[in-house]
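Asks: The following block contains a protein sequence and its predicted model.
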Amino acid sequence: MKDRIIKDILKEYDELRLREKEALIKREEEVYTKIPEMKTLRHELIDLMGTAYRDIIHDPQKVTSTIPYLESKVKTLREKEEKLLLDHGFPIDYLLPRYRCPICKDTGYVGDMIKERCKCLNQRILIDTYHLSDMQDLNTQNFDTFDANIFPNICPEGSKITQREYMLNLKDLLLNYVDIFPNNEKKTILFTGKTGLGKTFMLNCVAKAIMDKGYTVMRITSYKLFDRLFYSSLKDKDESMTLLTYLFDVDVLIIDDLGTETRRNNYTQEDLFNILNERMLTEKHTFLSTNLSLADIQDRYSDRIASRLFDTSNTMLIKFIGQDLRIIKKSRQTS
Ligand SMILES: Nc1ncnc2c1ncn2[C@@H]1O[C@H](COP(=O)(O)OP(=O)(O)O)[C@@H](O)[C@H]1O
Ligand SMILES: [Mg+2]
């Protein structure tokens, strides 16, 4: 079953590389039509490399002098290329391959001598095996699609800055968090606030940005997570252990909407405690969002859980404030 899944995923990776190869050829043709000089430069580069390699094969001693010479020539030609691209309104990286995963270049494997699965491949296997992670929104909800204008430019009660300014500050703070990830001092982030304030959107932004850095991320609603754990523990102890192992292992676990899970007495409490505790002990990152207030969390979960979540030496508590964006959106549509 798992072999089949891996085979299918690798086939998809192959297709991805092939599509990008074709797309790159198209981009090259487009550039050559608009900037004929570019083609000459490219040929110069290829000739240069050909000559240098021939020289080295004939006289291996030349490697020490040829390589630095070649490198400096290539650098000059590349700079010329980049200038031409920019002068003609193309992005500087227009002629570079675009990989979904820059780490393994969409091959699924890393390492020169000993090949290991890239994190992106492990992540895919995880998603396809357990149908557990909800990643589909990440293409539409990320830092690139973040729209500050959706937030009202008025100060929520008790705040000196507007909701928009507040969210822009938060965005900066989280961009910085992603920048230094995984070396953050605080490994847990808890978003609190009423519904419709942008918590899920922001979790998705962070999830996508961290995945793009090559780390494994699992994003799931609390409801689905604890349902899966509950039913798999009824069905088969081994399966629930494997599931828990994945939940312990993934670089970032994101639990959206804590508090919406079905209450099953000790089951949920135990699982939640185990997940939080294990991940904190192994210094893994866990991000959560909830509509519950801190007092509600205290009421609903055990002291052990609350003390883990509210330990501000490891948790960044972030409050979302202001007006419900869904209501604003609706009133804009009807007015
Ligand atoms: N930064 C943002 N840019 C664009 N749209 C946003 C942003 N934040 C939230 N939204 C939109 O506002 C609505 C509510 O956001 P959501 O993240 O679901 O709120 P919450 O999780 O706090 O209930 C959604 O339709 C979402 O797409
Ligand atoms: Mg939400």
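Replies: It's in. Ligands and ions are numbered 1, 2, ... in the order given.

Asks: From here on, just use CA atoms for contacts and neighbour counts.
Replies: Fine.

Asks: Counting by contacts, list what the helix or strand hosting Asp8 packs against.
Replies: Per DSSP states H and E, Asp8 falls inside helix 2-34. When contacts are defined as 3 or more CA pairs under 8 Å, 6 or more residues apart in numbering; DSSP states H and E, helix 2-34 sits against helix 36-58, helix 119-130.

Asks: Same list, those, but as a markdown table with mean pLDDT please.
Replies: A markdown table is the format used below for those (pLDDT from 0 to 100):
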| stretch | mean pLDDT |
| --- | --- |
| helix 36-58 | 88 |
| helix 119-130 | 78 |
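
Asks: and the angle from the helix holding Asp8 to helix 119-130?
Replies: Here the directions of helix 2-34 and helix 119-130 differ by 130 degrees (axes from the mean of the first three to the mean of the last three CA atoms, to 10 degrees).

Asks: Ok, which of the helices and strands packed on helix 2-34 comes nearest Ser222?
Replies: Ranking these by proximity to Ser222 (CA to CA) places helix 119-130 first, at 15.5 Å.

Asks: list the buried ones in that closest one?
Replies: Of all the residues in helix 119-130, those buried under the rule 16 or more other CA atoms under 10 Å are Lys119, Cys120, Leu121, Asn122, Gln123, Arg124, Ile125, Leu126, Ile127, Asp128.

Asks: Closest one of those to ligand 1?
Replies: Ile127 (22.1 Å; CA to the nearest ligand atom).

Asks: Based on its surroundings, how many neighbours for the closest residue to the closest one other than its chain neighbours?
Replies: The shortest distance from Ile127 to any residue other than its chain neighbours is 5.6 Å, reached at Ser133 (CA to CA, 6 or more residues apart in numbering). Ser133: 20 surrounding residues under other CA atoms under 10 Å.

Asks: residues contacting Ser133?
Replies: Counting by CA atoms under 8 Å, 6 or more residues apart in numbering, Ser133 makes contact with Ile127, Met218, Arg219, Ile220.

Asks: Next step: those restricted to helices.
Replies: Taking DSSP state H, the ones among these that sit in helices are Ile127.

Asks: which among the contacts of Ser133 gets closest to Gly259?
Replies: Distances from Gly259 to the contacts of Ser133, taken by CA to CA, are shortest for Ile220, at 13.1 Å.

Asks: Now do the contacts for the closest one.
Replies: Neighbours of Ile220 in contact, by CA under 8 Å, 6+ apart: Leu132, Ser133, Asp134, Ile254, Ile255, Asp256.

Asks: Also Ala209?
Replies: Asn142, Phe143, Val178.

Asks: mind exporting stretch 327-335 as CSV, just the C-alpha atoms?
Replies: Extracted C-alpha coordinates of stretch 327-335, given in CSV (Å, rounded to 0.1, in the frame of the first residue of the first chain):
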residue,chain,number,x,y,z
ILE,A,327,-19.5,40.0,8.4
ILE,A,328,-17.6,42.9,6.8
LYS,A,329,-17.1,40.9,3.6
LYS,A,330,-20.8,40.1,3.4
SER,A,331,-21.9,43.7,4.1
ARG,A,332,-19.5,44.9,1.3
GLN,A,333,-21.0,42.4,-1.1
THR,A,334,-24.6,43.4,-0.3
SER,A,335,-24.0,47.2,-0.3
